[in-house]
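Enquirer: this one's structure only:
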């Protein structure tokens, strides 16, 4: 008498592999869609941060009575405001009564006065140039202001 060996038939194994591959394909597709969504959100956040920084910097720079270069940044003063910008490699801090931090890669920051590059601190600035790296693209930011004649006396 022949004894039966318990096991799976080839059809059952192929069917199980087919169902497993369908489930794995669905999981992989979902993973790839989530990855694209997250990367887009990160990219949008960096773009929004860059736009917000440029807007705030432009407003502060144009409304200032005086802009002075300081160690690792600049000091902006006006009648009702005193704002310090500190530039580091991967972030920019805007210090007022609170601290705003912009996580942006910066490079090539320079301060100018009357088209002369300032290499020392505690000098009045009338133009700021810096390069931001956003999504592996270099974005040049140039802010200029018209200085009042009483700033220099």
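Expert: Good, I have the coordinates. Because the structure is predicted, anything quoted here is derived from the model rather than measured. Numbering: from 1, shown residues only.
Enquirer: strands of the protein, start to end?
Expert: 66-70, 73-77, 82-87, 92-95, 99-102, 105-113, 116-118, 127-134, 137-144 (DSSP state E).
Enquirer: who's in contact with residue 74?
Expert: For residue 74, the contact set (C-beta atoms under 8 Å, 6 or more residues apart in numbering) comprises 67, 68, 84, 85, 111, 125, 128. C-beta: built from backbone N, CA, C; applies to glycine.
Enquirer: make JSON lines out of these and add distance to residue 10 and neighbour count.
Expert: Listed next are the contacts of residue 74 as JSON lines, based on distance: C-beta to C-beta, whole Å; neighbours: other C-beta atoms under 10 Å:
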{"residue": "67", "distance to residue 10": "80", "neighbour count": "26"}
{"residue": "68", "distance to residue 10": "82", "neighbour count": "19"}
{"residue": "84", "distance to residue 10": "75", "neighbour count": "17"}
{"residue": "85", "distance to residue 10": "71", "neighbour count": "25"}
{"residue": "111", "distance to residue 10": "77", "neighbour count": "24"}
{"residue": "125", "distance to residue 10": "79", "neighbour count": "23"}
{"residue": "128", "distance to residue 10": "74", "neighbour count": "21"}
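Enquirer: nearest to residue 25 among the residues you listed?
Expert: residue 85 (50.7 Å; C-beta to C-beta).
Enquirer: wait, doesn't that closest one sit right on residue 93?
Expert: Yes: counting by C-beta atoms under 8 Å, residue 93 is a contact partner of residue 85 at 7.2 Å.
Enquirer: circling back to that earlier point, and of the strands of the chain, who's closest to residue 52?
Expert: strand 99-102 (7.3 Å).
Enquirer: list the residues that contact the nearest residue to residue 142 once chain neighbours are set aside.
Expert: Setting aside the residues directly before and after it, residue 142 is nearest to residue 129 in space (C-beta to C-beta, 6 or more residues apart in numbering), at 5.0 Å. By C-beta under 8 Å, 6+ apart, residue 129 lies in contact with 108, 109, 110, 112, 140, 141, 142, 143.
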